[in-house]
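# Let's see this in three dimensions:
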Amino acid sequence: MLRLSKLTDYAVVVLVRLADSERVQTSPGIAATTGIPEPTVAKVLKTLAAGGLVCSQRGARGGYRLLRPLAAIPVADVINAVDGPIALAACVDGSLTECESQGLCPVRGRWDPVNDAIHHALSSITLADMQEASIPRAFRVPGRPAATHPTPALPAE
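Predicted coordinates:
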């Protein structure tokens with residue numbers, strides 16, 4: 001099963017929350033409105049700032065704000081900022097790990113098209129799509145209706 005880290009999931013929630021206001025927001029304020037523990041929100045915000053998705057402002061009226069609108073932030077960018085490059089297997093281009101069996105593997109190098117397809121799909125869905133809770137028709141799971149309600153706050157770690 002492919003699964004994103006909790007921090008990536010939290011990062012999406014934090015970014016969508018930041019879009020709710022044009023003013024800077026603090027990590028305690030975001031924590032209070034999302035239900036994510038404040039230390040986790042602070043960690044996520046620092047990671048997102050390092051990834052170029054948010055910027056921080058110091059001082060008495062300091063906090064964080066988005067650097068781009070949600071429509072310009074693909075899900076792939078969030079995953080890359082928090083978890084690193086999207087790599088299904090150790091042998092795909094861009095993987096940060098090496099496969100210990102690469103000399104014997106009969107499918108070595110053949111994961112790249114699969115990895116590229118997943119990266120393309122994740123690059124085609126923006127956080128604005130997530131905020132609207134209506135995934136584009138091309139990315140809906142057959143037989144499953146599109147969400148019609150906002151995603152609830154995530155449980156604490």
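
# how about the helices of this structure, start to end?
Counting by DSSP state H, the chain has these helices, from start to end: 6-18, 27-34, 38-50, 75-83, 112-124, 127-132.

# would a markdown table of the ones you listed with mean neighbour count and distance to residue 66 be doable?
C-beta coordinates here come from the backbone N, C-alpha and C atoms, glycine included. Listed next are those as a markdown table, based on neighbours: other CB atoms under 10 Å; distance: least, CB to CB, whole Å:
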| stretch | mean neighbour count | distance to residue 66 |
| --- | --- | --- |
| helix 6-18 | 21 | 5 |
| helix 27-34 | 17 | 12 |
| helix 38-50 | 18 | 9 |
| helix 75-83 | 21 | 12 |
| helix 112-124 | 14 | 18 |
| helix 127-132 | 18 | 9 |
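
# can I get those in JSON lines with mean pLDDT and distance to residue 105?
Compiled in JSON lines, the helices of the chain are given as follows (pLDDT from 0 to 100; distance: least, CB to CB, whole Å):
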{"stretch": "helix 6-18", "mean pLDDT": "95", "distance to residue 105": "28"}
{"stretch": "helix 27-34", "mean pLDDT": "94", "distance to residue 105": "42"}
{"stretch": "helix 38-50", "mean pLDDT": "97", "distance to residue 105": "33"}
{"stretch": "helix 75-83", "mean pLDDT": "95", "distance to residue 105": "24"}
{"stretch": "helix 112-124", "mean pLDDT": "90", "distance to residue 105": "13"}
{"stretch": "helix 127-132", "mean pLDDT": "86", "distance to residue 105": "36"}
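
# any chance of those helices in JSON lines, plus distance to residue 56?
As requested, these are exported to JSON lines (distance: least, CB to CB, whole Å):
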{"stretch": "helix 6-18", "distance to residue 56": "12"}
{"stretch": "helix 27-34", "distance to residue 56": "10"}
{"stretch": "helix 38-50", "distance to residue 56": "6"}
{"stretch": "helix 75-83", "distance to residue 56": "15"}
{"stretch": "helix 112-124", "distance to residue 56": "26"}
{"stretch": "helix 127-132", "distance to residue 56": "19"}
